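Q: here you go, sequence then predicted model.
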Amino acid sequence: MFTVVDHPLIKHKLAILRNKSTEHRTFRELIEEITTLLFFEATRDLKTCKTTVETPLAKAEVEILENDKFVIAPILRAGLSMVEPLLKIAPSAKVAHIGMYRDPSTLKPVSYFFKIPKNPENYMFFIVDPMLATGGSAVEAANTLKKAGGKNIKLLCIIAAPEGVENFTKSHTDIPVFAASLDEKLNSKGYIIPGLGDAGDRIFGTS
Ligand code: PRP
Ligand code: URA
């Protein structure tokens with residue numbers, strides 16, 4: 001399942017994010033803000049259970065999450081920019097790290113690090129990466145996570161290309177994908193058009 005989270009606030013923030021004149025401090029802030037909005041949508045289906053609390057005035061029937069065992073799993077490097085906003089909303093979440101870069105000539109992912117919590121079957125994983133281009137990195141990240149025992153997984157990205165969406169949703173029919181935008185296409189170097197350029201470089205001020 002692929003969902004573009006269609007919201008005026010996201011559209012407005014994306015417009016500034018895409019602009020090549022936006023410097024990296026603002027770029028990072030916008031990624032964080034958009035990630036928060038994506039998470040809101042990606043968690044809409046979580047189950048709640050009824051309980052009661054005492055307000056200062058009376059007993060209140062309330063609902064709490066049935067399961068709040070979250071793991072945020074950024075694909076390094078660029079995915080790191082999406083961790084802090086999720087930890088603000090889900091402060092007790094654990095953080096996994098999936099170290100992977102895309103070889104510029106083959107466009108295939110090269111894995112260099114993988115660390116997740118013990119007993120992964122008990123957690124809800126949110127793989128985060130701003131860019132879903134060919135989809136190679138996200139497909140490989142999800143393969144590795146499943147092999148390690150992860151079962152309940154969602155993918156959050158800021159910008160997706162049609163090629164990446166097709167690749168990912170065919171490879172992982174059980175993993176819902178949430179994106180802020182579905183762009184037009186990839187160029188010959190595997191960059192998303194119109195996209196926002198190289199996410200990692202713009203986040204970290206490298207190039
Ligand atoms: C970027 C991006 C994704 C990947 C997307 O990372 O953050 O991880 O490319 O491309 P794909 O869908 O074609 O696999 P990159 O490899 O540039 O590494 P970085 O985050 O370290 O800059
Ligand atoms: N990775 C990026 O950072 N940007 C793209 O457009 C594609 C892959």
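A: Structure's in. What do you need? Residues are numbered from 1 along each chain as shown. Ligands and ions are numbered 1, 2, ... in the order given.

Q: make it CA atoms for all contacts and neighbour counts henceforth
A: Noted.

Q: what sits against Ile75?
A: Each residue near Ile75 by Cα atoms under 8 Å, 6 or more residues apart in numbering is listed here: 97-100, 127-129, 137-138, 141.

Q: what sits closest to it if chain neighbours are left out?
A: Ile98 (4.8 Å; Cα to Cα, 6 or more residues apart in numbering).

Q: my guess is that neighbour meets Phe126, correct?
A: No. Contact criterion Cα atoms under 8 Å: Ile98 and Phe126 do not qualify, at 11.7 Å.

Q: circling back: now, of the contacts of Ile75, which are buried?
A: Neighbour counting with 16 or more other Cα atoms under 10 Å marks 97-100, 127-129, 137-138, 141 as buried within these.

Q: which one of those is nearest ligand 1?
A: Ser137 (3.6 Å; Cα to the nearest ligand atom).

Q: element containing that closest one?
A: helix 136-147 (DSSP states H and E).

Q: so does that helix get close to ligand 1?
A: Yes. Applying Cα under 6 Å from any ligand atom, one finds helix 136-147 touching ligand 1 at 136-137.

Q: after that helix comes which helix or strand?
A: Counting by DSSP H and E, the next helix or strand C-terminal to helix 136-147 is strand 152-160.

Q: next, the angle helix 136-147 makes with that next one.
A: If you take axes from the mean of the first three to the mean of the last three Cα atoms, to 10 degrees, strand 152-160 sits at 170 degrees to helix 136-147.

Q: report all helices and strands that strand 152-160 contacts.
A: helix 24-42, strand 124-128, strand 131-132, strand 177-182 (3 or more Cα pairs under 8 Å, 6 or more residues apart in numbering; DSSP states H and E).

Q: elements contacting the last one?
A: So that's strand 177-182. Looks like strand 177-182 contacts strand 2-4, helix 8-18, helix 24-42, strand 152-160 (3+ Cα pairs under 8 Å, 6+ apart).

Q: try it again with 6 Å
A: Packing partners of strand 177-182 (3 or more Cα pairs under 6 Å, 6 or more residues apart in numbering; DSSP states H and E): strand 2-4, strand 152-160.

Q: about what we covered before: for the residue nearest to Ile75, which three-state class applies?
A: Here Ile98 is recorded as strand under DSSP: H, G, I helix; E, B strand; the rest coil.

Q: I'd assumed Phe114 was in contact with it.
A: Yes. Counting by Cα atoms under 6 Å, Ile98 touches Phe114, with 4.7 Å between them.

Q: show me the shaky parts of this structure.
A: For the chain, no stretch has pLDDT under 70.

Q: where does it come near ligand 1, residue by residue?
A: Counting by Cα under 6 Å from any ligand atom, the chain comes close to ligand 1 at 75-78, 101-102, 107, 109, 129-137, 164, 199-200.

Q: from those, list just the buried residues.
A: The buried subset of these - by 16+ other Cα under 10 Å - is 75-78, 101, 107, 109, 129-137, 164, 199-200.
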